[in-house]
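> Here is my input; please provide its structure:
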Amino acid sequence: MMIDMNQIHSIQLGILQEVARLSAKYHLKYFMTGGSAIGAVRHHGFIPWDDDIDIGFTRHDFEKFIQVAPTESVMSDYLVEENRLNPRYEYDFAKVMTKNSQILERGREEAKAHNGIFIDVFPFDRLPADKSQRLEQKMVLQDILQEIRRRFYPDRFPNAATGHKPYTSMSLQDLYDLRLKTMVQYDHHHDLPYVNLSSPYDYAKETIFPSEMQRLIKMPFENLRVPVLAGYDSYLHRLYGDYMKLPPVEKRIQRHILNATVDSSSTIDENGSDKPQLPLLGFESQAG
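Got it, this is the predicted structure:
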């Protein structure tokens, strides 16, 4: 059985609504990405078994967002997690989550940062045109990711970046700094394609061409209207192939949330049932 998705989805829509409000205030352009873009096009809302929302910003707008969001009163019920705001958060993209929720996330069962019901916020950088530059960027990012994973989850990733000793001797902050520098190193080339280097898919798989980024259209998404690339068809075909075709039933599964605690009263689990709240983990206070 799946999690009680209605409550999860309702909370995520609330987060998205505040992100949209903040984006409008600061003239930031977010857009639906990945499975959430499919949801908007194919379902006019969530893919029924999807348990998160994915949005993107160009790097310029992403940087502005993580600068202003933690200080805005409309975000007072939410927490923006990004490694420059909280070094205990390991990813190279951001999550916006509710402060009054706690989840157990697949693959991050021992997360050191707060982990509440969330939406993912991805930066889109520029993809180098030269194959050797792409290969170098890919390898550096892979090795840094492997070393960061080893430090955060030593039981799951026991091996350091084999053959790349400099990474094993670097501080966590230096790894974060090098990762960011590697991601943005081509961003001054405005004719290059955009790429989600934080994507769960293969390197350079999630690309958007400059002409596709120029125009966004609004589409229904549950009770909201959300921005989607006007050229969503070519973007989604590159990423998924025939994205309008439903996957086999056995692949229609939620992938992230194993268990969710909301407020102080009840816990939603994968059986969709309420049960007494589990003790929350004792997190240290976050910066920002």
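> which residues of the protein fall in strands?
31-32, 54-58, 78-81, 94-98, 101-105, 118-126, 194-195, 207-208, 216-221, 224-229, 257-262, 266-269, 274-275 (DSSP state E).
> ok, and for the fourth one, which residues are buried?
This means strand 94-98. Of the residues in strand 94-98, those scored as buried under the neighbour-count criterion (16 or more other Cβ atoms under 10 Å) are A94, K95, V96, M97, T98. The way it works is simple: take the backbone N, C-alpha and C, and place the C-beta from them, glycine included.
> got any ranges where the stretch 51-200 of the chain has weak pLDDT?
Flagging of the stretch 51-200 of the chain using pLDDT under 70 yields the residue ranges 159-164.
> picking that back up, now the buried residues of strand 94-98 in JSON lines, with distance to A40?
Output for the buried residues of strand 94-98, formatted as JSON lines (distance: Cβ to Cβ, whole Å):
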{"residue": "A94", "distance to A40": "20"}
{"residue": "K95", "distance to A40": "20"}
{"residue": "V96", "distance to A40": "18"}
{"residue": "M97", "distance to A40": "21"}
{"residue": "T98", "distance to A40": "22"}
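> mind checking which of the strands of the chain is nearest D155?
Closest approach to D155 among the strands of the chain (Cβ to Cβ): strand 101-105, 16.0 Å.
> could I get the strands of the chain as TSV with distance to Y243?
As requested, the strands of the chain are arranged in TSV below (distance: least, Cβ to Cβ, whole Å):
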stretch	distance to Y243
strand 31-32	13
strand 54-58	14
strand 78-81	29
strand 94-98	24
strand 101-105	25
strand 118-126	18
strand 194-195	19
strand 207-208	15
strand 216-221	14
strand 224-229	12
strand 257-262	23
strand 266-269	29
strand 274-275	35
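> These: which one's closest to K138?
Between K138 and those, the shortest separation by Cβ to Cβ is 10.8 Å, and it involves strand 194-195.
> on that earlier part again, who wins for proximity to R149 among the strands of the chain?
For R149, the closest of the strands of the chain is strand 101-105, at 14.4 Å, according to Cβ to Cβ.
> Show me what that closest one is packed against.
For strand 101-105, the contact count by 3 or more Cβ pairs under 8 Å, 6 or more residues apart in numbering; DSSP states H and E identifies strand 257-262 as packing neighbours.
> Now do the strand it packs on: distance to the chain's middle.
Between the centre of strand 257-262 and the centre of its host chain there is 17 Å, according to Cα atoms, centre = their mean, to the nearest Å.
> Can you show me the helices along the stretch 151-288 of the chain?
Listed in chain order, the helices found in the stretch 151-288 of the chain under DSSP state H, counting those that start in this stretch are 165-169, 172-184, 210-213, 232-240.
> Out of those, which is closest to F57?
For F57, the closest of the helices of the stretch 151-288 of the chain is helix 210-213, at 10.7 Å, according to Cβ to Cβ.
> In that closest one, which residues are buried?
By neighbour count, with 16+ other Cβ under 10 Å as the criterion, the buried positions of helix 210-213 are E212, M213.
> Residues in contact with it: which ones?
Helix 210-213 is contacted from outside by T58, F124, H190, D191, L192, P193, Y194, L229, A230, G231, S234, Y235, using Cβ atoms under 8 Å, 6 or more residues apart in numbering.
> Hmm, the second one is touching T58, no?
Yes: counting by Cβ atoms under 8 Å, F124 sits close enough to T58 to count as a contact (5.3 Å).
> residue contacts, the closest residue in space to I119 that isn't next to it in sequence?
Distance criterion Cβ to Cβ, 6 or more residues apart in numbering; nearest residue to I119, sequence neighbours excluded, is I53 at 4.0 Å. In this structure, I53 makes contact with Q12, L13, I15, L16, M32, S36, F46, I119, D120, judged by Cβ under 8 Å, 6+ apart.
> Could you check how far G56 is from L258?
When distance is defined by Cβ to Cβ, to the nearest Å, G56 is 25 Å away from L258.
> Between those two, which is the more surrounded one?
Per other Cβ atoms under 10 Å, whichever of G56 and L258 has more neighbours is G56, with 29 against 17.
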